[in-house]
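Enquirer: how would this look folded up:
(one chain, ligands or ions: 1)
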Amino acid sequence: MPIRLGPNQYGKAESRVVRIYRDTPRHRIRDLNVSSALRGRFEDAHVSGDQRDVLPTDTQKNTAFAFAKDKGVTSIEEFALTLGDHFIAAAPAAEGARVAVQEYPWERIEVDGAGHDHSFVRSGAGVRTTVVNIDGSGPDRTAHVVSGIEDLTVLKSTGSEFHGFLKDEYTTLQETTDRILATSLVVRWRYAHTDVAWDKSYDAIKALLLRRFAEIHSYALQQTLYGMGESVLEQHPEVAEIKFSAPNKHHFLVDLSPFGVDNPGEVFHAADRPYGLIELTVQRDDAPDPGNAWHGVPGFC
Ligand SMILES: O=c1[nH]c(=O)c2[nH]c(=O)[nH]c2[nH]1
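Expert: Have a look, this model is predicted:
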């Protein structure tokens, strides 16, 4: 029975790289979680145990820390692209590299109305992400960048309705014209190219997503997310498509009538499970081919 090695990749997952810029008394911080993986002609390592083509995962980890010092972290996308190209050059058997980076946000601690020079507090609003996939080098090189934000928890205390839905013998859900809408967003967008002002693009897209969540009167989480994605594509030509994965964090009105207490939309039970899970893509008709841009990005349809 012929048996052979199928798709494979290997690398170092979740190196926690913290880069402090201390060239002036006003320090800056970039706090990263870096994962790299190489794919290519690595049959020998798997089938016979010959490691001559294998750039160790330990080396990949070291490189992430060394590059944080030598090249710095201008943006997570630039950092991931630089690392990926380096690994493909350093390991001749590597035909492609995947570098995923999460960035944890820090804010300066406010002291007497001003941000402190070297004291920070983790800020709660979302983790920035990128997944870079590079194939080849030289003129045949292709690079795909999928960036995004995860754990962006948002809530509207009104301005959300849900009614007119299909009903059958198992339907018990009441129609509503006023409910809480809450979700913890995972959003990922694919850039059409790599000539992007990465930090500026991220900041603007995050602000736009939040603004549109606030502005859109919701008839369903699906319609809110579609509207958010549509605005991103309208205002950001550098984005080819955007994907959402959003748990509908149900808030149930508590029945206080047994205690003779009225509850006009004021006290809710925030249920953690089960949750509706809404996933969608908003894309341009003429978006460039995704290639393997979504390779290794779990949880998206
Ligand atoms: O925004 C919603 N979309 C649904 O598809 C759905 N289904 C459900 O039970 N509640 C909701 N809410």
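Enquirer: separation between the residue sitting furthest away from the middle of the chain and residue 252?
Expert: Note on the chain: the largest C-alpha distance from the chain mean falls to residue 260, namely 46.1 Å (C-alpha atoms, centre = their mean). Distance of residue 260 to residue 252, computed by C-beta to C-beta, to the nearest Å: 20 Å. Glycine gets a C-beta too; all of them are placed from N, C-alpha and C.
Enquirer: buried residues, the longest helix anywhere in the chain. List them.
Expert: In the chain, with assignment by DSSP state H, the single longest helix is helix 198-215. Residues of helix 198-215 classed as buried by neighbour count (16 or more other C-beta atoms under 10 Å): 198, 201-202, 205-206, 208-210, 212-213.
Enquirer: make TSV from those residues and add distance to the ligand to it.
Expert: Converted to TSV, the buried residues of helix 198-215 look like this (distance: C-beta to the nearest ligand atom, whole Å):
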residue	distance to the ligand
198	32
201	29
202	27
205	23
206	22
208	21
209	17
210	18
212	16
213	13
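Enquirer: pick out the most distant pair among the residues you listed.
Expert: The span of the buried residues of helix 198-215, defined through C-beta to C-beta, is set by 198 and 213 at 22.7 Å.
Enquirer: quick one: the longest helix of the chain to chain centroid distance?
Expert: Per C-alpha atoms, centre = their mean, to the nearest Å, the displacement of helix 198-215 from the mean C-alpha position of its chain is 13 Å.
Enquirer: and the next helix or strand past it?
Expert: Proceeding N to C from helix 198-215, the next assigned helix or strand is helix 221-235, under DSSP states H and E.
Enquirer: is any residue of that next one near the ligand?
Expert: Yes. Judged by C-beta under 6 Å from any ligand atom, helix 221-235 comes into contact with the ligand through 221-222.
Enquirer: what's in contact with whichever helix or strand comes after that helix?
Expert: Counting by DSSP H and E, the element after helix 221-235 in chain order, helix or strand, is strand 239-248. Identification of contacts with strand 239-248 by C-beta atoms under 8 Å, 6 or more residues apart in numbering yields 181-192, 201, 205, 221, 225, 228-229, 232-233, 275-284, 287-288, 290, 299-301.
Enquirer: pull out the buried members of those residues.
Expert: Among the contacts of strand 239-248, those scoring as buried are 181-192, 201, 205, 221, 225, 228-229, 232-233, 278, 280, 282-283 (criterion: 16+ other C-beta under 10 Å).
Enquirer: shaky segments in the protein?
Expert: Within the chain, the ranges that satisfy pLDDT under 70 run 299-301.
Enquirer: just give me the longest strand of it.
Expert: strand 142-156 (DSSP state E).
Enquirer: please verify my assumption that residue 198 contacts residue 78.
Expert: Yes. Assessed by C-beta atoms under 8 Å, residue 198 is found in contact with residue 78 at 6.1 Å.
Enquirer: quick check, distance from stretch 291-301 to the centre of its chain.
Expert: Using C-alpha atoms, centre = their mean, the offset of stretch 291-301 from its chain centre is 12 Å.
Enquirer: if you could redo that for stretch 132-150, that was the one I meant.
Expert: Distance of stretch 132-150 from the chain centroid (C-alpha atoms, centre = their mean) equals 16 Å.
Enquirer: endpoints of it, how far apart?
Expert: Start to finish, the residues bounding stretch 132-150 are 16 Å apart (C-alpha to C-alpha, to the nearest Å).
Enquirer: buried residues of that stretch, list them for me.
Expert: 132-135, 143-150.
Enquirer: likewise stretch 95-102?
Expert: 95-102.
Enquirer: using PDB, write out every CA atom in it.
Expert: Provided in PDB are the C-alpha atoms of stretch 95-102 (Å, rounded to 0.1, in the frame of the first residue of the first chain):
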ATOM      1  CA  GLU A  95       9.200  27.000  -0.600                       C
ATOM      2  CA  GLY A  96       6.900  29.100   1.500                       C
ATOM      3  CA  ALA A  97       6.600  30.700   4.900                       C
ATOM      4  CA  ARG A  98       3.700  31.600   7.100                       C
ATOM      5  CA  VAL A  99       4.200  34.200   9.800                       C
ATOM      6  CA  ALA A 100       1.300  35.100  12.100                       C
ATOM      7  CA  VAL A 101       1.600  37.900  14.700                       C
ATOM      8  CA  GLN A 102      -0.700  39.100  17.300                       C
END
